[in-house]
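J.: Provided below are the primary sequence and the corresponding predicted coordinates.
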Amino acid sequence: MTVATDHLDPTRTPQERARLLLARMTVAEKSRQLTCLMPMLLLREGHLIEDAATTMLTPGIGAVVSLHTEDPSRVVTGVNEIQRFLVERTRLGIPTLFQVEALNGVVTPRHPVFPTPIGLAATWSPELVRQMTDILRKQMIRLGLRHALSPVLDIAFDPRWGRVHETYGEDPLLAATFGVAFVRGIQSDDLSQGVVATAKHFLGFGLGQGGLNASSYEAGSRFTRDVVAFPIEAAINSAGLRSVMTSYGDVDGVPAGVSRELLHDLLREQMGFDGFVVADYMALQHALDRQRVATDKAEIARYALHAGLDLEAPFVFAYGETLAEEVEAGRVPMAELDAAVLRLLTVKFELGLFEQPYAPEGPVEITPTTAEGVDLALELAERSVILLENNGILPLRPGLKVAVVGPLGHEARQQFATYTYPVGRDMYRFMEAGGLGNLAGMDFFRADPEGEQTRDLDSEAYIRFRYGTRSLAEEIADLATEVVVEPGCGLTEHLDGEALARAVDAARNADVVVLALGGHSAAIGGGTEGEGTDTADIELPAVQRELAAAVAAAGTPHVTVLIQGRPYPLPAAVLESAALMVATFAGQTGPRALARVLFGEVNPGGKLPYTVPRHGGQFPIYHYQRADSGYRRPAVIRGLHYRDLSATPQYPFGFGRSYTSFDLSDLETTSEIGTDGTATVTLTVTNVGERTGAEVVQLYARVNAAVVTRPAQQLAGFARVELDPGEAARVTFQLSADQFAFSGLDHRIAVEAARVDLFVGASSDDRRHEASLRIVGDRRVLTPEKRTFLPTVDVTRLGTSQGS
């Protein structure tokens, strides 16, 4: 039977083409478009397994997970052979959507690894993340991968959660700004030249009960909409986000993947989303087997489709044949199936997959693939370093004898976090050996074989071979006269009985100690952070605290470097360091960036994207706690908030020092705007020190509203400004009244008449300059598609005080 092909007419809109194609599909073909497959089921050594393809692909398939293989050319071959089967040998010729993680680099071999997102947030440089995703987009298209399972737009409230480092931190505006930059860069202005971005995890993954991954999210509707959902809503309406991934947890008692209240009412109706929703991997199995909200997978299929879940992943489970049977039996309305398929097909047409389903043929240029983006990765890593304390010891001068002590100073692998290829490689190897679900003997599910160059390399050797990454100690050795390396302890365990003594002896005999402490992200439980590595005690591990105390007692000036993806309460030995720095899992250039900052080749300009507590009992602690809540309320008993401790942070959100100094002056602001108006806030920032450096000017606002209690402050805008000594710049923020909107008594997002207090400084607790403005006029209810989510920021350089 000949199938009409008017859906292939590129002059029609993607929506029209999707409807024409949908009208020709059988129930079986429709239901298979809502499913996904792992590539190991279809490919062997990069080539299609004919019997498997005939069995699994003939009805079509909605998505396929990217193959992980040492040779990127083999990824291209696998993509094209699967696409060719679907386009040329199935009835309708519908191409599939290949998906891959791209959180801070395309998670495939020989591609650059940028800093993990919490490090990107510490740069306060969203324009560089836009540049990063421009690179990722081109790399993904070159490999035929058109669906990025990124970015993570969860808000990081609880550092017990191991995935804090995957987020952009605690603040909704900061996360939204980076999320919009990511989505715009990777999708591009024309999706046919771009890659679909996927915001995750919807909803509330960063505030699971007990800080546990995939646990329940419980919060009020105003907090949910105004704070937790804000970054995703901004990405939808300011950047055209086309895909959203559900979380594993339940939201107000209902698993996210089967909650119509969440996926239809909130996401689509209230937030304006019209793309497709994908389940987090095996989320429907979780709903059945772990959360136990249904009796069988057919029931789960009915719940999920009615809720608005469009694509299950990474296997065919509740959708596919099971869903088709439910539709044929009349237990699922055809209209619900059609709506989900239409959303997915529309995006495929928007991508231009029907015109160009294939990756460019031929070998992938390996060396350029590895090198492309490395300079940007180094700049991001350098900008992500945060200086918290410095008694003048930094920058270190050449000619010193340096003792590098601590468990994070002598290895390269600890700079690579979960959702980078090397960590994924470790996970697959662990699984193939019988761990984490035990894939031992399941040859069909093995990762694609590696080449002779890397087959026998462990994680550390692989990273050094493929990425050229060296340890912090090795990078310091290029800048110091002599370097002695003594770990002193492992990440969480003691080493041999003399390790601590050797470390103390090295410290005593050095001019300065670089004490490298912190965490490590690993996907298989081998670290202290990462997916599935949640922690009840968020202090530095006991062995590291013991080491820090011993090094401090040695008497040699010590610089503590904390390599971490989440905040830790800090012991006295760390707080009393001559200097204190925070770095992150910065990928292949992390150690080099850190060494360059330590020796002054780079002036630190990073700022904290989270609040550092005094004690783990303060969580959750974040700068925009509501007025008269948390540390924003006055201390009323004996000058303390708690009986035994102040509730104030050790270091506030947005804090970070420099090797130079800055002055903020000449604040001017609009005094009054209407509920549909725009306020202008302008000030001057001047480098009054002796070194070139960057300051992050931060603007905070407090909306004094009627009836509804608002945050004591909210981040309203920021600008990272780099200035030479004596140079000044004028920073101008244009703030739409929309930025002061909130969920009112009727739960609708609206701008109301109010007094707005403004604070300007270099951290969330720096109220160096204050002003206020009034919003006047009638209450204005906002619609998402017309709402302004982010401020406009302009920086005008004024020259130097010497007139240069």
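T.: Received it, and whenever you're ready, just let me know what you need.
J.: so where is the stretch 501-650 of the chain shaky, pLDDT-wise?
T.: Residue ranges of the stretch 501-650 of the chain with pLDDT under 70: 524-525, 636-639.
J.: how long is stretch 640-660 end to end?
T.: Across stretch 640-660, the terminal residues are separated by 34 Å (CA to CA, to the nearest Å).
J.: go on, stretch 65-74?
T.: Per CA to CA, stretch 65-74 runs 14 Å from first to last residue.
J.: starting at the chain centroid, how far to that stretch?
T.: Stretch 65-74 has its C-alpha centroid displaced from the chain centroid by 23 Å (CA atoms, centre = their mean, to the nearest Å).
J.: for stretch 723-741, same thing?
T.: From the chain centre to the centre of stretch 723-741 is a distance of 25 Å (CA atoms, centre = their mean).
J.: mean confidence for that stretch?
T.: Mean pLDDT, computed over stretch 723-741, is 98.
J.: how many other residues sit next to residue 635?
T.: A total of 13 residues lie near residue 635 under the criterion other CB atoms under 10 Å. For the C-beta atoms, the positions are set from N, CA and C on the backbone; glycine is no exception.
J.: give the contact list for it.
T.: 641, 646, 647 (CB atoms under 8 Å, 6 or more residues apart in numbering).
J.: what's the closest of these to residue 676?
T.: residue 647 (38.1 Å; CB to CB).
J.: coming back round to it: now, the contacts of residue 635 that are in strands?
T.: In strands, judged by DSSP state E, none of these are found.
J.: I'd like those as TSV, with neighbour count and distance to residue 571 appended.
T.: Below are the contacts of residue 635 laid out as TSV (neighbours: other CB atoms under 10 Å; distance: CB to CB, whole Å):
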residue	neighbour count	distance to residue 571
641	18	21
646	15	17
647	20	19
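J.: tell me where the model's unsure across the stretch 251-400 of the chain.
T.: 366-370.
J.: any chance you could map the strands in it?
T.: Using DSSP state E, counting those that start in this stretch, the strands of the stretch 251-400 of the chain run over 254-255, 276-278, 386-390.
J.: for residue 129, find the nearest of those strands.
T.: strand 386-390 (17.2 Å).
J.: partner strands of the helix or strand following the closest one, parallel or antiparallel?
T.: Next along the chain after strand 386-390, taking DSSP states H and E as the criterion, comes strand 401-405. Here strand 401-405 is paired, per DSSP bridges, with strand 482-486 (parallel), strand 512-518 (parallel).
J.: count the neighbours of the nearest residue to residue 285 once chain neighbours are set aside for me.
T.: Excluding the flanking residues, the one nearest residue 285 by CB to CB, 6 or more residues apart in numbering is residue 317, at 5.9 Å. Residue 317 is flanked by 21 other residues according to other CB under 10 Å.
J.: separation between residue 317 and residue 279?
T.: According to CB to CB, to the nearest Å, residue 317 and residue 279 sit 9 Å apart.
J.: pretty sure residue 796 sits in a strand.
T.: Yes. Looking at residue 796 with DSSP: H, G, I helix; E, B strand; the rest coil, it is inside a strand.
J.: which stretches in the stretch 501-650 of the chain count as strands?
T.: Ranges of strands within the stretch 501-650 of the chain are 512-518, 558-563, 579-583, based on DSSP E, counting those that start in this stretch.
J.: can I get those in TSV with distance to residue 249 and mean neighbour count?
T.: What follows is the strands of the stretch 501-650 of the chain, written out as TSV (distance: least, CB to CB, whole Å; neighbours: other CB atoms under 10 Å):
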stretch	distance to residue 249	mean neighbour count
strand 512-518	28	27
strand 558-563	29	26
strand 579-583	29	26
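J.: I'd like the ones you listed laid out as CSV, including distance to residue 421.
T.: Putting these into CSV (distance: least, CB to CB, whole Å) gives the following:
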stretch, distance to residue 421
strand 512-518, 22
strand 558-563, 20
strand 579-583, 21
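J.: how distant is stretch 730-749 from the center of its chain?
T.: On CA atoms, centre = their mean, the centre of stretch 730-749 falls 25 Å from that of its chain.
J.: do stretch 181-196 as well
T.: The answer for stretch 181-196 is 17 Å, by CA atoms, centre = their mean.
J.: and the lengthiest strand in the chain, average pLDDT?
T.: Ranked by residue count and defined by DSSP E, the top strand of the chain is strand 693-704. Mean per-residue pLDDT for strand 693-704: 97.
J.: by contact count, what packs against it?
T.: strand 662-669, strand 678-687, strand 714-723, strand 727-736, strand 754-761 (3 or more CB pairs under 8 Å, 6 or more residues apart in numbering; DSSP states H and E).
J.: report the angle between that strand and strand 714-723.
T.: With axes from the mean of the first three to the mean of the last three CA atoms, to 10 degrees applied, the angle from strand 693-704 to strand 714-723 works out at 160 degrees.
J.: closest one of the contacts of residue 635 to residue 572?
T.: Relative to residue 572, the closest of the contacts of residue 635 is residue 646; by CB to CB it sits at 16.0 Å.
J.: ok, the closest one touching residue 631?
T.: Yes. Between residue 646 and residue 631 there is a contact under CB atoms under 8 Å: 7.4 Å.
J.: direction included, what does the longest strand of the chain pair up with?
T.: Applying DSSP bridges, strand 693-704 is found paired with strand 714-723 (antiparallel), strand 754-761 (antiparallel).
J.: turn those into a markdown table, including mean neighbour count and distance to residue 335.
T.: Putting the strands paired with strand 693-704 into a markdown table (neighbours: other CB atoms under 10 Å; distance: least, CB to CB, whole Å) gives the following:
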| stretch | mean neighbour count | distance to residue 335 |
| --- | --- | --- |
| strand 714-723 | 22 | 41 |
| strand 754-761 | 20 | 44 |
